[in-house]
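1. have a look at this prediction, sequence included:
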Amino acid sequence: MKILVPVKRVIDYNVKVRVKSDGSGVDLANVKMSMNPFDEIAVEEAIRLKEAGTASEIVAVSIGVKQAQETLRTALAMGADRAILVVAADDPAQDIEPLAVAQILSKIVEAEEPGLVLCGKQAIDNDMNATGQMLSALLGWSQATFASEVKIDGESAQVTREVDGGLQTISVKLPAIVSVDLRLNEPRYASLPNIMKAKKKPLDERTPADYGVDVSPRLEVVRTAEPPERKAGMMVGSVDDLVEKLKDLGVV
Amino acid sequence: MRGAKIVERTKVTGFEKKGRRITGVSWTNETGESGRIACDMVVNCAGMWGHEVGRQMGVNVPLHACEHFYIVTDTVPGLTQLPVLRVPEECAYYKEDAGKILLGAFEPVAKPWGMNGIPDSFEFDQLPEDFDHFEPILERAVNRMPLLAETGIHTFFNGPESFTPDDAYHLGLAPGMDNVWVAAGFNSIGIQSAGGAGSALAAWMDTGEKPFDLGDVDIARMQPFQGNRHYLFERSRETLGLLYADHFPYRQKATARGIRRSPLHEQLLREGAVMGELSGWERANWFADPGQPAEYEYSWTRQNWFDNAAREHRAIRENVGLYDMSSFGKIRVEGPDAEAFLNHVSASDLSVPVGKIVYSQFLNASGGIEADVTVTRLSETAYLVVTPAATRLADQEWLRRHMGAFRVALFDATAAEAVICVMGPRSRDLLRRVSPSDFSNATNPFGTCREIEIGMALARAHRVTYVGELGWEIYVSAEMAAHVFEVLREAGREMEARLCGLHMMDSCRIEKGFRHFGHDISSEDHILEAGLGFAIKKTGTDYIGRDAVARRREEGLRHRLVQFMLTDPEPLLYHAEPILRDGGSWAISPRAPMATISVLPWAWATSPARASRRRRCSTAPTRSKWPGGASARKPRSSPSMIRNPKGSKPDPSPSLRERFAR
Ligand SMILES: Cc1cc2nc3c(=O)[nH]c(=O)nc-3n(C[C@H](O)[C@H](O)[C@H](O)COP(=O)(O)OP(=O)(O)OC[C@H]3O[C@@H](n4cnc5c(N)ncnc54)[C@H](O)[C@@H]3O)c2cc1C
């Protein structure tokens, strides 16, 4: 079984995000970028399935700017077999929206015919949580979102989902789209030799036009703002003081 | 009041200036509050922002940020504390870091960053990783530490750090202002340096005097042009990697060269000059023979220029040589109070006739040597202070800060005049061929200067030397320097006059017993202990350091600067070699550069009982006897004077005293 893993290049989770002074977006010039952490979990799960003999090949796909090839190299260094880069923007500030991504992915899926698409549940930059769902709709495939456990069972997959009330296990027919959540696994770090070898693994470069997809934005960003500054706290002397203060504030 | 208050998350936005002092600092913080702090002193310790903050303060803090890389592995099972491993030739260091391995790089060609200014908000932040840049080092690292092949890499870290043009940090009182202090530009060793730098700066600020020799890091060593951002950008590519490169003796920087050139630069290059750089000046260090590649081949043994320098040395000793000293710092001191002012700052008597040249030191209150210069009286109201290229700004600042109410003006005349040195026993002969002026001992004795005609130009002949008599320094207006050089070069051919470089000068001056400021003597060294007591005025006005001189005369010397002669010329001495007697530790620490042709390095000798101030010497490893197995001989002072710290009178080398005694 072939597994397709879409990976997105996003601002590194450690970096202090700076909103541009005119509020038009986030400053990405000379900022450290990394693979979306949920996508790392998806790549890790695919590698584990391959190591378990369940999967035969892992194809990583990224849609974005040219530099997204660094993100693909990371996936290859972790253990993906080959990569497809769809260069859809020149400007790193241009976000390719979920629908366009899903449309391109659906074309790639048609060509590659994977048995499973493992994707992150959301990207930490725009928090859309939509691509997997849209792809499932476009392909007419079953979907299992927010996976914290994935078991492949012949023609179907048992997926445990993290839902508000706890855990829910469902069985979906393959091929399927599974979007992964935080607790599915702990992704590995690539070793230096694997990072160097990854440079030699195949990376196929395409454009949206190859798939006949129009990536122009449909959404308009009206304003970007930083979260409000956290107010200073206060020190209390004892537990009793704390309870007293909380009562005063009317919270208990 | 002692103690400190730390105000976090607050930005300094401006400085109030009154003349050469900052009187207040204004600030704003994140919540939009703002205010002003009145101050007596300000310290610029703004790290890589220090250059820009310095500009706002009116001081020059030359530094540039570079990207600086390390990686941290995933947890390595069973890893315990390890010593730090440095592999200079692989540009890498390794250290255990909380159960992981941290591997950092000092790549030979660095990546400068922040050319258009460092963003305000770039604190504790990081830059995009650059695997391709780091990869050559990582490849060798996997070989050096095989566990790196197995373990995953947890973090690729790239953070900017500031680098200075000479890889030494900036500390001290900034030229241009009188209460602006600097501690910045830490060249990636700011954590390990912080304790000492902080302590030294605090002591300096507190007492007004350096607690010990800080010449290597004193911000006053930086030349104004070194604040140029394009220069800093180019130089910083190299300085990061130099931290791990082999620091060969005389190793020259490869980047940002050719900025300050003597008027003779092109002529010297055509003659085979191999240039070295100091404070931006390009100076001929030695001359290649026809057919010999005009470049350094560095090594830890005798380098390729050794024989060339030896021939130059011999020319100076036996015949006549020409060399360019246009890089001398030249400070003009003029005004009705020039004589009184210089008598106050200098330990020497400058109430001398016009035309007299005086070898002189400026002292601090402890009697330590702040400047080692010659002062020439040009007129009733004008003096010329000549100092090494590296100390021009520092000396001028020292003068400026002690100017008080004296009616004098100072200006930097370095570029106005070239200096062509004509030295050697036949130097008079050569000068007579190109000049009708009188160079006789009667008219132009040692320590005097005269205006002369030379070729078709005018110049001043200063009968003074750093390589030993006989010889003249010809000061000539910059635009006529090339002409005068041509004339001397042409006339010199028949006499086989040789072009010489600064390696020759170094070996000749060591042989002659002349001290070099910054190497043999510094602000830490008392003028009497340095053997320069003969330059001190016997009578006359009060001067800075006078009490300390009197006290030392009374209490006796604690240590002495002496010279040793090696019987074996082979070992090369660079600096700070320990000299052991009977395996013990009584004498030590020549800070002098390698004695090249002469084998007479300087050393500071301290009696064990008084060794504390020179502790760096007495803790020297007791490895072997004198390198090369030769015994040390001290040609000019008697051993008893070294053993007995008390009662010994300053005993300068006769040559020095003879030359400058009036
Ligand atoms: C990757 C890397 C590895 C390193 N490894 C080592 C090591 O192993 N050993 C070692 O010794 N050193 C190491 N260093 C170097 C060391 O971290 C630095 O030299 C040191 O932190 C510099 O300290 P600093 O106080 O001079 O500057 P900084 O720590 O940069 O402090 C400057 C401060 O000034 C503030 N500032 C700037 N402008 C203003 C303003 N207008 N108003 C108010 N505040 C202002 C800044 O916000 C900042 O807090 C490393 C550096 C890097 C980047």
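-> Received it, and whenever you're ready, just let me know what you need.
2. contacts, neighbours, all on C-alpha from now
-> Noted.
3. can you map out the strands along the stretch 501-650 of chain B?
-> B:559-563, B:565-566, B:587-588, B:602-606, B:632-633 (DSSP state E, counting those that start in this stretch).
4. looking at those strands, which has the lowest confidence?
-> Of all those, strand B:632-633 carries the lowest average pLDDT, namely a mean of 32.
5. and for the residue of the stretch 351-500 of chain B found nearest the ligand, the neighbour number?
-> Residue nearest to the ligand within the stretch 351-500 of chain B: residue B:394 (22.7 Å; C-alpha to the nearest ligand atom). By the criterion of other C-alpha atoms under 10 Å in any protein chain shown, residue B:394 has 21 neighbours.
6. same check, this time on residue B:270
-> Neighbour tally, residue B:270, other C-alpha under 10 Å: 8.
7. distance of it from residue B:492?
-> Look at residue B:270 and residue B:492: by C-alpha to C-alpha, to the nearest Å, they are 17 Å apart.
8. ditto for residue A:30
-> 60 Å.
9. of the two, which one has the most company?
-> residue B:492 (22 against 9).
10. identify the residue nearest that one in space, chain neighbours excluded?
-> Closest residue to residue B:492 apart from its sequence neighbours, by C-alpha to C-alpha, 6 or more residues apart in numbering or on different chains: residue B:430 at 6.4 Å.
11. helix, strand, or coil at that neighbour?
-> Counting by DSSP: H, G, I helix; E, B strand; the rest coil, the backbone at residue B:430 sits in helix.
12. same question for residue A:232.
-> Going by three-state DSSP: residue A:232 is coil.
13. where in chain B is pLDDT low?
-> Residues of chain B meeting the criterion pLDDT under 70: B:1, B:540, B:581, B:583-662.
14. how about a cut-off of 90?
-> Along chain B, the model assigns pLDDT under 90 to residues B:1-4, B:30-32, B:115-126, B:128-129, B:301, B:510-513, B:518-520, B:538-541, B:559-662.
15. and stretch B:168-179, what's buried?
-> For stretch B:168-179, the neighbour count (16 or more other C-alpha atoms under 10 Å in any protein chain shown) marks B:168-179 as buried.
16. near chain A, which residues of the stretch 351-500 of chain B?
-> The stretch 351-500 of chain B has no residues near chain A, with proximity defined as C-alpha under 8 Å from any C-alpha of the partner chain.
17. just the helices from the stretch 351-500 of chain B, written as ranges.
-> For the stretch 351-500 of chain B, the helices defined by DSSP state H, counting those that start in this stretch cover B:392-401, B:427-434, B:481-493.
18. pipe the ones you listed into TSV and attach distance to residue B:254 per row.
-> Below are the helices of the stretch 351-500 of chain B laid out as TSV (distance: least, C-alpha to C-alpha, whole Å):
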stretch	distance to residue B:254
helix B:392-401	24
helix B:427-434	35
helix B:481-493	27
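19. how long is stretch B:447-456 end to end?
-> End to end - C-alpha to C-alpha - stretch B:447-456 spans 25 Å.
20. give me the nearest residue to the residue of the stretch 351-500 of chain B closest to the ligand, chain neighbours excluded.
-> Here the residue nearest residue B:394, using C-alpha to C-alpha, 6+ apart, is residue B:220, at 5.0 Å.
21. give me the neighbour count for residue 190.
-> Assuming you mean chain A. Number of residues near residue A:190 (other C-alpha under 10 Å) recorded here: 24.
22. the intended chain is chain B.
-> Residue B:190: 17 neighbours (other C-alpha under 10 Å).
23. that one and residue B:159: what is the separation?
-> Residue B:190 is 14 Å from residue B:159, by C-alpha to C-alpha.
24. surely residue A:3 is within a helix?
-> No. Assessed with three-state DSSP, residue A:3 is strand; it does not lie in a helix.
25. for residue B:239, grab phi and psi.
-> Per-residue torsions, residue B:239: phi -70, psi -30 (degrees, to the nearest 10).
26. hmm, residue B:168 and it touching each other?
-> No. In this structure residue B:239 lies outside contact range of residue B:168 using C-alpha atoms under 8 Å: 9.6 Å.
27. ok, residue B:383 - contacts?
-> Going by C-alpha atoms under 8 Å, 6 or more residues apart in numbering or on different chains, residue B:383 touches B:332-334, B:338, B:375-377.
28. residue B:216 too?
-> residue B:168.
29. can you do 10 Å?
-> Going by C-alpha atoms under 10 Å, 6 or more residues apart in numbering or on different chains, residue B:216 touches B:166-171, B:518.
30. what of residue B:255?
-> Counting by C-alpha under 10 Å, 6+ apart, residue B:255 makes contact with B:165, B:231-239.
31. and residue B:66, by the same measure?
-> By C-alpha under 10 Å, 6+ apart, the contact set of residue B:66 is B:48, B:110-115, B:158-163, B:187-188, B:233, B:236-237, B:239-240.
32. then residue B:60?
-> Residue B:60 neighbours (C-alpha under 10 Å, 6+ apart): B:50-54, B:174-176, B:182, B:219-220, B:222-228.
33. need the buried ones from these selected in ChimeraX.
-> Buried members of these, defined by 16+ other C-alpha under 10 Å, are picked up in ChimeraX with:
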select /B:50,51,52,53,54,174,175,176,182,219,220,222,223,226,227
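34. and the contacts of residue B:60, which of them are in strands?
-> Residues of the contacts of residue B:60 located in strands (DSSP state E): residue B:182.
35. any idea how chain B splits into domains?
-> B:10-62+B:169-209, B:551-661 (automatic domain parsing).
36. just how off-centre is stretch B:119-130 within its chain?
-> 34 Å (C-alpha atoms, centre = their mean, to the nearest Å).
37. give me phi/psi at residue B:133?
-> Phi and psi for residue B:133, reported as degrees, to the nearest 10, are phi -70, psi -40.
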